[in-house]
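Enquirer: Make a model of this:
(3 chains)
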Amino acid sequence: MNAARKLACVVLLAVCAVSLAADWLAPSGYAKQFREVPSSPPSRQHLLGTDEIGRDRFARVLYGTRISLVLAPAAALVSTLLAALVGGLAGYLGGIWLRIATSFTDLFLSLPWLFLLIAVRALLPLNVSPLSSVLITFFILGLLGWAASARVLSASADSLRNSDFVLQAQASGLHGPRLFFVHVLPNLKPILYAQFWISIPVFILSEANLGILGLGVAEPLPSWGSLLRELEGLVSFREEPWRLVPLVLLIVVLTSFQLVLSNNEEVTA
Amino acid sequence: MNGRRAFSELVPAKDSYTRVILSGAATSRSEVAAESKDPYFTRNASKDSPVPRGFLLLLLCLALLAAAAYAQGGGELRFCLRNEPKTFDPLLVDDDSSLSIRYLTGGVLVRANRKTQQLEPELAESWRLSKDGKQITFKLRHGVLFSDGTPFSADDVAYTMQRLMDPNLHSSTGDAFRSGTGAVTTLKLGPDQITVIFPAPIVELDALFDQVAIMSAHSPKKEGAVLGPFLVAEYKAGSSVLLKRNPNYWKKDAHGHRLPYLDSIHLDIQPNRDVEMLRFKRGELDLINVLDSDYFDKLASTSPQLVHDAGASLDADFLWFNQVASAPIPPYKRAWFRSTNFRRAVSEAINRADLSRIVYNGHAQPAVGPVSPANKFWFNSRLHPEAHNPDAALKRLQADGFHLQDGTLKDKDGNAVEFSIVTNASSKPRERMAVLMQEDLGKIGIKVNVVTLDFPSLLERISQKFNYEAAILGFRNVDLDPSGQMNIWLSSAENHAWNPQQKSPETAWEAEIDKLMRAQASASDPKKRKQSFDRVQEIVYEQAPFIYLVNQDALSAVSTSVEGANPVILHPQTFWNAERLTLNANTRASR
Amino acid sequence: MNDGSLLSAQVTVRYPGKPPVLRGVTLEIAPGEIMGLVGQSGSGKSTLALAVLGLLGRQRATVEGRIWFQDTDLVAMRERDLRALRGRSLSLVLQSPLASLNPALRVRTQLKEAWRAHANGTSADCDAAIRAAMTSVSLPADEDFLRKHASQLSVGQAQRVLIAMAVLHRPALLIADEATSALDVITQSEILQLFARLNRETGMSILYISHDLPSVAEICQRIAILHEGEIVESGPTAQIFAAPRHPYTRRLMSSLPHLPTRTGEPSAAQAAAAK
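Expert: Predicted coordinates for the structure are as follows:
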């Protein structure tokens, strides 16, 4: 374990611990509005200042981290597994299956998502508690995010299918799911990892965009997505550097995750 | 454009009452701007506004400056149009950009002063309305020439009216004059006197002429011959419009100098607000006519001298509950929404001062009702914004059998009070207001869920499926006269948002509003009309079908290089007095 | 199915839209025999090997004819039954040892999977089988070695692992398709010795496919020469070397390098075959 990885572990643990301890660490709830001091700079009461309607930014970052840090990877996991199943299996089976899966994936990618999401919103009830809204949001992201990864995976699985070791395994009498899960899937792992890590920031940001369709994390619950969306109107980073905290946090956490996991990969591969 | 489609869904295009617009986006007015029609005015100002002595002094100074400026030539004023002008034919104007160009180039018989909101003689030295409200007689100004030198006479008025009312022209300006079946005729009493006769009485007939730019009956240049202060000299599609000074413009300043002072006006067609702001900051533009509050504050933080807050505008945002009988919502919720006490309690629980202070940074005023206090004549000054009073709200709710239980409000059958508020995602201010109200209402035990939707979905829910509980939207009021609000208040109207298109009024108060609105529309005596509409405002206040939240301020930016600017709340906010604007000497030298 | 041979094939194989790759190829292997199949690359050697194992389906090739193996026709056999044979009675060792081992798996996992394909037993049984197989191919059976990935093995070790996998269930026939071609001379000779030893010790038959005549001669009792999809000549090794009848065989013989040390090689091979 090298120094960078150790540091990354420490950072991740610290971020997790702090966000889990939000109930004790946060000076106030994420929804409490300090209406006398909206958009205020950092102070002793509000370590990161307050947002446009006077909510404590520090508390919102803590709670937002808790939500995004759990749910974005969960959604990425769902989408990566779906991609592995659809893309990996199709590539491995080859022939007609690969063609069917490729056209299905292409169709899925070319669907007018905006309209489908609007339809999804129309099907869901309006009175959804903020917490359920979070789960729905990330579930939708997970379900929708698989197609691009599946494409990459089916190409790799296709080349694995023709590899010597798969032939060798078949000659040893292996077949069916066993052959796929033992011999094909582990070799897709590096690609799966890559797809997984690419998905997380994409999902965090998509969550913010889903808010436009009434599907995102509902107010007053914070998320990294909604915190990042607040940066849109930022005039000058120099004047309000504390507002960059969510962005910095996102970068730090993702980098740490990657450091920790890339090392694992080297050992197992 | 979303707004346009949505709008046409709500309001039939040929309806003569289409002067109120459901505004989808407070932050991006241009979405709906294309639908706006000319405001029109009343000559019946309640009182002259007192003019401070300092103001007179200022006017004097300005006049002197202007005189000096005239001597040297007034320079070129530059600002942006947000959209391509759709027409240069003054009788076909239907969009904001064309409206601005018509304002700057067209000569009208009477002009509503944008500041005083009163009618002033323009090409007509005076006018007279007949008792029955069907006829208007103008006495025309002598010796006026069109920009190409053609003389102006009663022929031109007759020609313009005839063309305007031609059904084949499909002029929406003309629609305002279509009161009944039958032809509009003109009667020339002499070269400078003409009577226009309508088949049926028209409310505020003279004010409507503010929108009728007179065209020449004889000039071969057609709409190229104008009577306004400027003429269209050059048009580059998609890029810019250049207006030049009309050398034959009739108006003179106090010193006898011919107006306008400016040599030309350069209008860039620029839909992007960031670019507009950037170019304004660089000094390449002199005006920003309509400014959003966040841009306003950004600019104010560095250059407070450039921004102008003209006070509350006619636009208002409001919250309403779905009272449609067939709406797919639980019956017990419909019962809440149909309860006057419930609506009033919600209204009382909302802290409007916080809404305007926090969401609009103070660039909005707590709203009273359908008429903004900015509408000097029609506003019912006996009414005041609902005071923030959670205790009174709870008392009202108790009267209806609601009670607090462990911090949750329950109705008499024990249902916890929870509802969703939908609003359009493109409007940050509305979303923020919703979140503030979420907390306000939380304090009286009501749970609110905020849902932001894209505008088309939102409109579908509130106007077709009625699948919503409460909504926040705004009407963009482009009209001072209450006639423009008929399509909201009549219970049969489509924009009667809380319960539209009723066969017959479902409640006594809606029936009374129907009666009062019809009364004001048929009366010709302004005092009687005001009496009726004052009562409408009171009923709306008491019944709170719309819970009015705030009136946004009219915000604009004017460069220090412009002299004589005096931004107002009515369109065209910054250049309503364009013929008297000048650029200072330094700016002229540098251009 | 006639004279007690282990494998008796007479097949024609074609890929869609092309002339047949194998035309009426006949091949017989007796129990306990090491049979050599020699031919240039592209002559259809590997196709024959895959045809025997029934693994040509992927390439959408069609097999006509009969392949009798232990009194059953493999061509007519259902895939399900074929699977039961593959790795148990019939096993395969491929040309490039490193590519034939799954890069993502440890040696143990690889062997375990191969064992589980045909055996139900405790993990102790499995470990014992693995250890036995490893020992039989002269590889260490310790934990350190079994935990290695393919990338951590030498080519020779990798090939031995593959052979260990192939002999795990003591098959009746092992098909070695160019199994030594990718190896250096010393390793190659070690592996050849290993094949010879396994044949001697377990009595399993080996179909040794190669383009390399000397190595074939070293361990095979009989040789078949495959040329352009047809067997042009077959017979005992000594006989072929002594009197090649077909022009292609003669060309093949004459292309052998005539190194001083290799002089008289055929006779040495004959001697080995006679043993």
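Enquirer: give me the number of residues near B:K443?
Expert: The number of residues packed near B:K443 is 13, by other Cβ atoms under 10 Å in any protein chain shown. Glycine gets a C-beta too; all of them are placed from N, C-alpha and C.
Enquirer: Can you give me the neighbour number for C:E190?
Expert: Using other Cβ under 10 Å, C:E190 is surrounded by 16 other residues.
Enquirer: can you check A:I100 too?
Expert: Neighbours of A:I100 under the rule other Cβ under 10 Å: 12.
Enquirer: Skipping adjacent residues, who's closest to it in space?
Expert: Distance criterion Cβ to Cβ, 6 or more residues apart in numbering or on different chains; nearest residue to A:I100, sequence neighbours excluded, is A:A90 at 7.2 Å.
Enquirer: wouldn't the one you found be in contact with A:A101 here?
Expert: Yes - if you go by Cβ atoms under 8 Å, A:A90 and A:A101 touch, sitting 3.1 Å apart.
Enquirer: If you count surrounding residues, which of these two has more?
Expert: Ranked by neighbour count (other Cβ under 10 Å), A:A90 and A:A101 place A:A90 first, with 25 against 22.
Enquirer: Kindly confirm my reading that that one forms part of a strand.
Expert: No - counting by DSSP: H, G, I helix; E, B strand; the rest coil, A:A90 is located in no strand; its state is helix.
Enquirer: so where's the stretch 51-200 of chain C uncertain?
Expert: C:57-59 (pLDDT under 70).
Enquirer: for it, what spans make up the helices?
Expert: C:79-85, C:97-100, C:107-116, C:123-136, C:143-146, C:155-167, C:185-202 (DSSP state H, counting those that start in this stretch).
Enquirer: which neighbours do A:A90 and A:A101 share?
Expert: Residues touching both A:A90 and A:A101 (Cβ atoms under 8 Å, 6 or more residues apart in numbering or on different chains): A:A150, A:S154.
Enquirer: Tell me who's in contact with A:W242.
Expert: Here A:W242 is in contact with A:P41, A:P42, A:L48, A:G49, A:R57 (criterion: Cβ under 8 Å, 6+ apart).
Enquirer: Walking through chain C, point out its strands one by one.
Expert: C:7-14, C:22-29, C:34-38, C:62-69, C:72-73, C:90-93, C:173-177, C:205-210, C:222-227, C:230-236 (DSSP state E).
Enquirer: How about B:E439, nearest residue that isn't a chain neighbour?
Expert: A:Q33 (5.4 Å).
Enquirer: low pLDDT regions in chain B?
Expert: Scanning chain B for pLDDT under 70 picks out B:1-73, B:478.
Enquirer: confidence score at the residue nearest to A:I100?
Expert: Listed pLDDT for A:A90 reads 85.
Enquirer: next one: A:L234
Expert: 63.
Enquirer: For burial, what's the neighbour tally of the residue of the stretch 151-275 of chain C found nearest chain B?
Expert: The nearest approach of the stretch 151-275 of chain C to chain B comes at C:S151, 52.3 Å away (Cβ to the nearest Cβ). Neighbours of C:S151 under the rule other Cβ under 10 Å: 10.
Enquirer: OK, contacts around the residue nearest to it when sequence neighbours are not counted?
Expert: Nearest non-adjacent residue to C:S151, counting by Cβ to Cβ, 6+ apart: C:P103, 6.3 Å away. Applying Cβ under 8 Å, 6+ apart to C:P103 gives the contacts A:F165, A:N187, A:A269, C:H149, C:A150, C:S151.
Enquirer: Sticking with the second one, tell me its helix or strand.
Expert: The reference is to A:N187. Element membership for A:N187, per DSSP states H and E: helix A:185-210.
Enquirer: Can you confirm whether that helix lies near chain B?
Expert: No - counting by Cβ under 8 Å from any Cβ of the partner chain, chain B has no neighbours in helix A:185-210; the shortest distance is 9.9 Å.
Enquirer: which non-adjacent residue is nearest B:L306?
Expert: Nearest residue to B:L306 in three dimensions, chain neighbours excluded: B:A557, at 5.1 Å (Cβ to Cβ, 6+ apart).
Enquirer: where's that neighbour, which helix or strand?
Expert: Going by DSSP H and E, B:A557 is in strand B:546-558.
Enquirer: what packs against that strand?
Expert: Here strand B:546-558 touches strand B:287-288, helix B:293-302, strand B:307-321, helix B:340-349, strand B:364-366, going by 3 or more Cβ pairs under 8 Å, 6 or more residues apart in numbering or on different chains; DSSP states H and E.
Enquirer: then the helix or strand following the longest one to PDB, C-alphas only?
Expert: The first helix or strand that comes after strand B:307-321 along the chain, using DSSP H and E, is helix B:331-337. Once non-C-alpha atoms are left out, helix B:331-337 reads as follows in PDB (Å, rounded to 0.1, in the frame of the first residue of the first chain):
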ATOM      1  CA  PRO B 331     -62.100  14.500  -2.300                       C
ATOM      2  CA  TYR B 332     -60.900  15.500   1.200                       C
ATOM      3  CA  LYS B 333     -58.200  17.600  -0.400                       C
ATOM      4  CA  ARG B 334     -60.600  19.200  -2.800                       C
ATOM      5  CA  ALA B 335     -62.700  20.100   0.200                       C
ATOM      6  CA  TRP B 336     -59.700  21.900   1.800                       C
ATOM      7  CA  PHE B 337     -58.900  23.700  -1.500                       C
END
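Enquirer: which other helices and strands contact the host helix or strand of A:I100?
Expert: Applying DSSP H and E as the criterion places A:I100 in helix A:95-110. Judged by 3+ Cβ pairs under 8 Å, 6+ apart, helix A:95-110 is in contact with helix A:89-93, helix A:146-161.
Enquirer: List the contacts of C:L6.
Expert: Residues in contact with C:L6 (Cβ under 8 Å, 6+ apart) are C:I29, C:A30, C:P31, C:E33, C:F69, C:Q70, C:A172, C:L173, C:S205.
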